[in-house]
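> Below is the sequence, then the predicted model.
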Amino acid sequence: MRYRTNQIGIGLIIAGLLVSNVAAAQEELPTPRPAPAPAGPPPRAPLRRPLTDAQRAERRERLLNIGGQVLNAVVPPDPNAPGAAAAIDIPKLNTAMGPLLTTLLGGGRDIESLRIGFDPEGTNFAEDHIRLSVDAALRRTNWAEVPSRLSGSLGAQVVQNDAGGLVAVVDGRFRLQTPVVALANYALAQYKQRQSKKSDDAPPAPAGAQTPEYVFAFATTETTDEIFGRLLDERLARIDHFETLDDVADLLTAISGLRLTAADLRIEQLRDQARAAKDPAVRDDLNSQLTETRAQRDKLFDVRPRISRRPNGAVEMIGLDMVGSEIYPGADMRQLECRIQENEITLQASGALTRWVEIYPLAKPLVMGVLQRIQNGDPRALDAVRPFIEGPLGRGRAIIIGEP
């Protein structure tokens, strides 16, 4: 479950924006969903809300991007290109990657410098171990008309677990130097805008629809995440803007309490429904959910903001730490440390992936072919990486500094 991760990912609005916009990897908060109209026999699992047209379009775009990358990667490197058969030379590859990425991201007036490449000491393609480093200096951002700087690294190694399966061990270290209060205000506005759009896209509940008792127990009761999302929306609706780091600390502390409140409300729902259920199978399932929710509620006490103050009482630093949590099935967050100061955010995290790693042996030759093409200056390299650059990285650039 994602309870402890959401405690950090959602609670830490600022660090969350950093991770999602720079690495294109943050999960959005779920919102309460109207109950779907029942059809046929009572279902044995929660019903899912149909996708909106916008969601279907986004999914199609992602599939097209992935398909474009695979189709371009399948084409072998240009045999006539100088050194086409040579192995990967990391310094040479990094030299070729810089101008290519800068061109695709559109350097312009907002990006002062951008360096992305493989760390020669932390990368060994033969041993399935890579480490990417990034250093970006921005003249301005969407939240501040002053320079900001992002530096850090992301490493991954594919190894075998005790059962013989493949595991990707991942770790990252990032440092963002920027006005944090301004970033918090921008993140607040972005979050409210996304939630407003979700509300507009949500289909209306069917008029006069009735839900049997069994479906209610499994489909219409809010999950802990949905209760938390509703409570968070109500809390953020009362915030116009942040003025100091103390305001940010106040919100993070409140979010910690909201998460516990959401878990407690969910426990009350499950307990009452289990006691009222007449079907033994329904009652047993609800009691199982109740036990699991209580255990996850207890873990929330390990994750809370830790605040350091100056002699005058003002907040100097906000710390968020977490050890052990499942983001989603197949993805574990082993450790996370985040430190927030007035003009700086630092983030260290490590975890493991077991889902989708089984396709790595098939994907590796394709990726290596693209990297070799970039290294050798193959003109088709631009087409090979364009879907990824114009997709997630392009959207991240638009959020951080706007369109090129």
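Structure received. Numbers count the residues shown, from 1 in each chain.
> Report the secondary structure state of G117.
Here G117 is strand, with the state taken from DSSP: H, G, I helix; E, B strand; the rest coil.
> Distance-wise, check it relative to R386.
Noted for G117: a distance of 19 Å to R386, by Cβ to Cβ, to the nearest Å. No exception for glycine: its C-beta is placed from N, CA and C like everyone else's.
> So between these two, which is more surrounded?
Using other Cβ atoms under 10 Å as the criterion, G117 and R386 rank with G117 on top: 20 against 17.
> The spatially closest residue to the more buried one that is not a sequence neighbour: helix or strand, and which one exactly?
In space, and not counting its chain neighbours, G117 is closest to N94: 3.3 Å by Cβ to Cβ, 6 or more residues apart in numbering. N94 belongs to helix 90-105 when assigned by DSSP states H and E.
> What strand or helix carries A136?
Going by DSSP H and E, A136 is in strand 129-138.
> quick one: buried residues of that strand?
By 16 or more other Cβ atoms under 10 Å, the buried positions in strand 129-138 come out as 130-134, 136, 138.
> Stretch 225-240 now?
Residues 225-233, 236 are the ones in stretch 225-240 that count as buried (16+ other Cβ under 10 Å).
> Please narrow those to those residing in strands.
Assignment to strands by DSSP state E places none of those there.
> Switch those residues over to a markdown table; also include distance to A263 and pLDDT.
Converted to a markdown table, the buried residues of stretch 225-240 look like this (distance: Cβ to Cβ, whole Å; pLDDT from 0 to 100):
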| residue | distance to A263 | pLDDT |
| --- | --- | --- |
| D225 | 10 | 87 |
| E226 | 12 | 88 |
| I227 | 8 | 90 |
| F228 | 8 | 90 |
| G229 | 13 | 88 |
| R230 | 14 | 89 |
| L231 | 11 | 92 |
| L232 | 13 | 91 |
| D233 | 17 | 91 |
| L236 | 19 | 92 |
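> which residues does S113 form a beta bridge with?
A137 (DSSP bridges).
> can you pull the contacts of it?
135-137 (Cβ atoms under 8 Å, 6 or more residues apart in numbering).
> same deal with A262?
Counting by Cβ under 8 Å, 6+ apart, A262 has contacts 224-225, 227-228, 231.
> and the residues you listed as CSV, adding distance to I400?
Formatted as CSV, these follow (distance: Cβ to Cβ, whole Å):
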residue, distance to I400
T224, 31
D225, 27
I227, 31
F228, 27
L231, 29
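> Can you flag which of these belong to helices?
Within those, residues falling in helices by DSSP state H are 224-225, 227-228, 231.
> Tell me the one among those nearest to Q372.
D225 (43.3 Å; Cβ to Cβ).
> Quick check: A277 touching R283?
Yes: contact criterion Cβ atoms under 8 Å: A277 and R283 qualify, at 4.1 Å.
> ranges for the strands of the protein?
Using DSSP E, the strands found in the chain span residues 111-118, 129-138, 148-160, 166-177, 306-309, 315-328, 331-341, 344-353.
> Spell out which residues sit in contact with G319, please.
Contact partners of G319, counting by Cβ under 8 Å, 6+ apart, are 305-308, 337-340.
> Run through this structure and note the low-pLDDT ranges.
Applying pLDDT under 70 to the chain flags the ranges 1-86, 103-108, 199-221, 325-328, 388-390, 392-394, 403-404.
> go with 50
Along the chain, segments meeting pLDDT under 50 span 1-48, 64, 67-86, 210-220.
> Let me see the ranges of the helices in it.
3-9, 13-22, 53-74, 90-105, 180-201, 213-215, 224-237, 245-276, 280-299, 360-375, 381-388, 394-401.
> tell me what the last one is packed against?
So that's helix 394-401. Applying 3 or more Cβ pairs under 8 Å, 6 or more residues apart in numbering; DSSP states H and E, one finds that helix 394-401 makes contact with helix 13-22.
> re the thing from before, could you export the strands of the chain as CSV, including distance to Q296?
Shown next, in CSV, are the strands of the chain (distance: least, Cβ to Cβ, whole Å):
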stretch, distance to Q296
strand 111-118, 38
strand 129-138, 33
strand 148-160, 28
strand 166-177, 23
strand 306-309, 21
strand 315-328, 10
strand 331-341, 14
strand 344-353, 18
